[in-house]
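Trainee: Using only what follows, build the 3D model:
(one chain, ligands or ions: 1)
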Amino acid sequence: MAIGLEVRDLAKSYGGKRAVDGISLNVRAGELYALLGPNGAGKTTTLRMIAGLLQADAGEIKVFGTDARRDPLAAKKAIAWLPDEPLLYDKLTAWEYLEFVAGLWGVDPASARADAERLLKLLGLWDNRNDRCETFSRGMKQKAVLAGALIHKPKLLMLDEPLTGLDAGASRLVKDMIRERVEDGAAVILTTHILEVAERMADRIGIIKDGKLLIEGSLEDLRTQAGAQGQSLEDVFLSLTSHTPVAAQ
Ligand code: ATP
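Mentor: As a prediction, this is how the structure comes out:
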């Protein structure tokens, strides 16, 4: 499978403090990569740089072969970005929001309408399609933003905490939709603090701390590298990132 995302030696400092300190990783087409790390590890900063929302200090980013730092517009055409805080245009209805997003990406209006209907129905927002986004609960906003992220059929899907604020049913639905995209050949990178999600869904997992990638691979690879055979991802994660010994947790 083609490499969907290639990141080399990516770095970003804020006021002299390194938030991302030389991260390199690849995500193949048809692969789900979970980027894990404790609060403040540099996950969102990494994803924002890849999405072209934040200027990197150094490093390379390639999206399906396109140099995203040299040609951000071309790279952005292949990317969908789901931020950790759902940002919507409050005065637009859900339907208008999806029309607007599809228009931005130049999606054919007829196919956009069909996809908007399918996504809103799937996500249980169809009855709210004519309601303004400002009236939505957090979970409903999250679903509307996700529908916006999926409407242009991105080749690289980047999801920052996609399950936060979703109820159990919606969470299952969103996980299924993400998996479907992976099976269709999209490269997907997501962050999550719900380690079971990474354990169950991810093909590969990267754990970062203080802006550095500590370990990367399948869950089995991680166990081997961490000398933690038979242990859960939570055990591996805590043994690598926690200041206190796991036994004392
Ligand atoms: P969380 O799991 O809490 O969302 P994260 O891994 O996504 O954390 P980042 O948001 O990438 O972490 O933050 C990495 C570091 O960069 C933190 O030390 C944070 O304080 C710092 N940082 C992030 N954004 C800014 C900013 N705009 N200005 C200054 N420092 C920032």
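Trainee: Please count neighbours and contacts with C-alpha atoms only from this point.
Mentor: Fine.
Trainee: What is the helix or strand residue 27 falls within packed up against?
Mentor: Element membership for residue 27 (DSSP states H and E) is strand 17-28. Applying 3 or more Cα pairs under 8 Å, 6 or more residues apart in numbering; DSSP states H and E, one finds that strand 17-28 makes contact with strand 3-14, helix 43-50, strand 187-191, strand 212-217.
Trainee: List the buried residues in the longest one.
Mentor: This points to strand 3-14. Using 16 or more other Cα atoms under 10 Å as the test for burial, strand 3-14 gives 3-7, 10-12.
Trainee: who in this structure is up against the ligand?
Mentor: Neighbours of the ligand within the chain, by Cα under 6 Å from any ligand atom: 14, 19, 37-45.
Trainee: so how many other residues sit close to residue 83?
Mentor: As a burial measure, the neighbour count of residue 83 was computed by other Cα atoms under 10 Å and equals 19.
Trainee: repeat for the one 3 residues further on
Mentor: By other Cα under 10 Å, the residues close to residue 86 number 16.
Trainee: do the same with residue 112
Mentor: So residue 112, with other Cα under 10 Å, has 19 neighbours.
Trainee: Please identify the helix or strand for it.
Mentor: Since the elements are taken from DSSP H and E, residue 112 ends up inside helix 109-122.
Trainee: Give me the contact list for that helix.
Mentor: By Cα atoms under 8 Å, 6 or more residues apart in numbering, the surrounding residues in contact with helix 109-122 are 95, 98-99, 102-103, 126, 129, 144, 147, 151-152, 173.
Trainee: Surely residue 107 is in contact with residue 152?
Mentor: Yes: applying Cα atoms under 8 Å, one finds residue 107 in contact with residue 152, separated by 6.3 Å.
Trainee: follow-up on the earlier one: mind putting the helices and strands packed on strand 17-28 in CSV, mean pLDDT included?
Mentor: Output for the helices and strands packed on strand 17-28, formatted as CSV (pLDDT from 0 to 100):
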stretch, mean pLDDT
strand 3-14, 97
helix 43-50, 95
strand 187-191, 96
strand 212-217, 95
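Trainee: Residue 137: which of the ones you listed is closest?
Mentor: Comparison of those against residue 137 by Cα to Cα identifies strand 187-191 as nearest, at 22.0 Å.
Trainee: Could you tell me what pLDDT the model assigned to residue 77?
Mentor: What the model reports as pLDDT for residue 77 is 88.
Trainee: which outside residues touch the longest helix along the chain?
Mentor: Criterion DSSP state H: the longest helix present in the chain is helix 168-183. Among residues not part of helix 168-183, those counted as contacts by Cα under 8 Å, 6+ apart are 29-32, 122-123, 163, 188, 201.
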